[in-house]
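In: Got a predicted structure plus its sequence, pasted below:
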Amino acid sequence: MKRNRLLSSLIGWVLAVNLCLAQNKAVVFQSDFGLKDGAVSAMKGVAFGVSPDLRLFDLTHEIPAYNIWEAAYRLQQTAPYWPAGTVFVSVVDPGVGSARKSVVLKTRSGHYFVTPDNGTLTLVAPLLGIESVREIDEAVNRRRDSGKSYTFHGRDVYAYTAARLAAGTITFEQVGPELAKEVVRIPHQPPVFEKGLIKGSIPVLDIQYGNIWTNIGEDTFRKLSIKHGDVLNVRIRKGAQTVFDGKMPFVSTFASVPEGSNLAYLNSLLNLSFAVNMGNFSEHHKVYSGPEWVVEVSR
Amino acid sequence: MKRNRLLSSLIGWVLAVNLCLAQNKAVVFQSDFGLKDGAVSAMKGVAFGVSPDLRLFDLTHEIPAYNIWEAAYRLQQTAPYWPAGTVFVSVVDPGVGSARKSVVLKTRSGHYFVTPDNGTLTLVAPLLGIESVREIDEAVNRRRDSGKSYTFHGRDVYAYTAARLAAGTITFEQVGPELAKEVVRIPHQPPVFEKGLIKGSIPVLDIQYGNIWTNIGEDTFRKLSIKHGDVLNVRIRKGAQTVFDGKMPFVSTFASVPEGSNLAYLNSLLNLSFAVNMGNFSEHHKVYSGPEWVVEVSR
Amino acid sequence: MKRNRLLSSLIGWVLAVNLCLAQNKAVVFQSDFGLKDGAVSAMKGVAFGVSPDLRLFDLTHEIPAYNIWEAAYRLQQTAPYWPAGTVFVSVVDPGVGSARKSVVLKTRSGHYFVTPDNGTLTLVAPLLGIESVREIDEAVNRRRDSGKSYTFHGRDVYAYTAARLAAGTITFEQVGPELAKEVVRIPHQPPVFEKGLIKGSIPVLDIQYGNIWTNIGEDTFRKLSIKHGDVLNVRIRKGAQTVFDGKMPFVSTFASVPEGSNLAYLNSLLNLSFAVNMGNFSEHHKVYSGPEWVVEVSR
């Protein structure tokens, strides 16, 4: 019966739409492009052209130019708070045109990362677990009309591939050939506990406030058996040169110490951090971030 | 009949979708986090995880660190232009961990404001009217997995609660217990008219252009019986110290005066403002904003 | 039969929704407002109030204050990467209140541009082709409640009209009366090839990296018969004063030259550009952008 067939095809259509709406379809962009020119918008235009149903978000575009390490840190800081199925695009690519591979990492948590494999995945790969890595086959996954003389990879390959993956235009398998389950990693000093002393480094600052964020996680920190209100000895070195050496209480809220006083706390990633209540620890004590910085903490 | 039941359930589903699309579902974020790290994106990830149907927007994340007064001003400047049902999240929270309450204000205009009640609602509450204030019950309205040792309130409580409210996951009543119909207000000099003299203050600058925005609204200003082209005497003090004292015409368009000349006008909020045509009044005359600034205007 | 009528109206509704989802409904905002206050958010609130189905994006809001030329350049850089049907709003409007017209340009490519006609369309009009220009009839296309004493045109006219056009609330014809097929253009030095010498200008910098982007397109550049690896003579003048005079290789990737070396390349718009590998050409050589800059290139 015609009406019956119409009805079932209608139901099928409605279910398909429903299923489709139930998908994630989110793309989160990160780059060192800044927000002053049209580069970010061009990437989003390409993604929107792939499918108007995509949801396009930003992590940050203020990664300092060419700073792969900070790009790696921002992904780690943010990705866990997005639901499984979210596709991240990170374009900090000083080696554009060199031998670095263009890849998509699928993590065990179900997140996707579309990026040059140049160290950007250093922190997020072990945090969320490597499910599979595929190299982007640019013969297929590249914006049409691109690549005459020059390809803007962020727009023509990364944003385009991420959008097609998020929209379901291609499957993860259609990204390109599978690689070994590994990513390029930037060497960095891990947090250690030894003879009553914790060592770690300062991967980034909480720049808006000038707080110092270490890579010393709660589990390592707890080995000092510190409780709120206890006083810590903190030494901060840049290589061999001591830049800060002092005592400060470990507190749960900034308001626990007077304005202008130093304090130690666990930040929103549960890493040991240092701040000045209502002030800027970094500017005041000339402490910055990067692999050459070392933090030593004891009771 | 089975087909009939199918049909009606289908119609019910379609109506539900329709109704659902008719809802506002918009969340507008404001903070002093800046755009350089992952904090804003983490908030949005949490909101998107609550419901992929939400529409996530920004007011600004460039509120100067800890500047509750400017946060209050930006809400007042912007909220009236968003439709009823919009949920605002404002996280400028120097007292995080202190006794300030986490609240949701519902205004008589039908807007919602999710924020620490620390003065952020000073201006928007009287402007849009207090319908009801509820304290966020963090036992219920807090992101799962959060709060081990530290809670990032912006992400784990404010963004999470705002998203659930906007998505209809919880009703306004389910936010938490109702409080008195009042909010914490920052004292500030109101605009007054007395003996031919208008006094007011400078809540913020129009920073991009360096224009001076006073809190003297059109209704107060009109008491001087000024019309376009008339010349005003303007004195601007910081406490007792006069910083600017001069005359300028009241105009409807910047182009009414030569480039480089001072002018007075009503800004987009219909407040009396001062500018230099094609220039920067603030930098040129060293006039800034804050509660200590006083403006005196006469014919 | 009632059931039949219900069914067909249901099918009609579903098709209408489908059609509706197939529309573009995207608005892309550009301005010189910056991101520190509520102006951009007020524009988006007004647009969202017109229709919650709109997709609202940003090009940039960091156009230097009053810099119409850069606004023109950013539109040209970005618009081609957005699909047909996208509505752009550009508000860089030093002459607000003066005689400049408020227009909507429809290009032959099917893009729409809502803006004061003050030179903003200089580059995008010839690039995408003028299909039709209409003047916004502010008697109809102006936000209700606006215009008491002052109109914030970006919010009350441009964002409002763009949103109504993108949402299908009004047709292009309902924008207002049709004008001649022309736009106000800012005079600028075109790229020329003569006797083995190419001349052009520097419309903008790639500011995040300090690269120099000329207006010399691939077609003009190819007249020098240069291939990758060849060395160019490059002279850059500000008016009569030579600021840079040197040789550099034409390469396809930055990594082709040592860190700190100058290089020439075709940028993502396929225009001849100059850079320092891992460095900042503009800061290093004191070369900036604007109509007074001239570039001369030979073999």
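Out: That came in fine, so what should we check first? Please read all numbers here as calculations on a predicted model, not as lab measurements.

In: alpha carbons only for contacts and neighbour counts from here, please
Out: Will do.

In: show me what contacts residue A:28?
Out: A:56-59, A:86-89 (C-alpha atoms under 8 Å, 6 or more residues apart in numbering or on different chains).

In: That one is in what secondary structure piece?
Out: strand A:26-31 (DSSP states H and E).

In: Pull up the pairing partners for that strand, direction included.
Out: Sheet pairing here is set by DSSP bridges, and for strand A:26-31 it gives strand A:55-58 (parallel), strand A:87-91 (parallel).

In: What's the first helix or strand after that strand?
Out: Moving toward the C-terminus from strand A:26-31, the next helix or strand (DSSP H and E) is helix A:39-50.

In: Okay, domains of chain A per the record?
Out: Under the assignment automatic domain parsing, the domains of chain A span A:2-175, A:192-298.

In: so which of those is the most packed in?
Out: Most buried of the domains of chain A by mean neighbour count (mean count of other C-alpha atoms under 10 Å in any protein chain shown) is domain A:2-175; its value is a mean of 20.

In: Identify the residue nearest the most centrally placed residue in chain A in space, chain neighbours excluded?
Out: Most central in chain A under C-alpha atoms, centre = their mean is residue A:75, positioned 0.4 Å from the mean C-alpha point. Nearest non-adjacent residue to residue A:75, counting by C-alpha to C-alpha, 6 or more residues apart in numbering or on different chains: residue A:124, 6.3 Å away.

In: can you tell me how far that neighbour sits from chain B?
Out: Separation of residue A:124 from chain B (C-alpha to the nearest C-alpha, to the nearest Å): 14 Å.

In: For that residue, which residues are in contact?
Out: Here residue A:124 is in contact with A:72-73, A:75-76, A:79 (C-alpha under 8 Å, 6+ apart).

In: List just the nearest of the contacts of residue A:28 to chain C.
Out: residue A:56 (8.9 Å; C-alpha to the nearest C-alpha).

In: Name all residues that make contact with the nearest residue to the closest one once chain neighbours are set aside.
Out: For residue A:56, ignoring the flanking residues on the chain, the nearest one in space by C-alpha to C-alpha, 6+ apart is residue A:27 at 5.1 Å. Applying C-alpha under 8 Å, 6+ apart, we find residue A:27 in contact with A:54-57, A:86-89, A:162-163, A:166.

In: Okay, and the beta partners of residue A:27?
Out: Beta-bridge partners of residue A:27, as defined by DSSP bridges: residue A:56, residue A:87.

In: repeat for residue A:116
Out: residue A:102.

In: Where does the prediction get shaky in the stretch 51-200 of chain A?
Out: For the stretch 51-200 of chain A, the stretches flagged by pLDDT under 70 are A:96-98, A:147-150.

In: residues in contact with the residue in the stretch 101-250 of chain A positioned nearest to chain C?
Out: For the stretch 101-250 of chain A and chain C, the shortest gap (C-alpha to the nearest C-alpha) falls at residue A:152, measuring 5.3 Å. Contacts for residue A:152 (C-alpha under 8 Å, 6+ apart) come out as C:267-268.

In: how about 6 Å then?
Out: Contacts for residue A:152 were tallied using C-alpha atoms under 6 Å, 6 or more residues apart in numbering or on different chains; they are residue C:268.

In: Get me the contact residues on the stretch 101-250 of chain A for chain C.
Out: Taking C-alpha under 6 Å from any C-alpha of the partner chain as the test, the list of the stretch 101-250 of chain A residues beside chain C reads residue A:152.

In: Phi first, then psi, for the closest residue to chain B within the stretch 101-250 of chain A.
Out: With C-alpha to the nearest C-alpha as the measure, residue A:208 is the residue of the stretch 101-250 of chain A nearest to chain B, at 6.1 Å. When read as degrees, to the nearest 10, the backbone of residue A:208 gives phi -60, psi -30.

In: All set, thanks.
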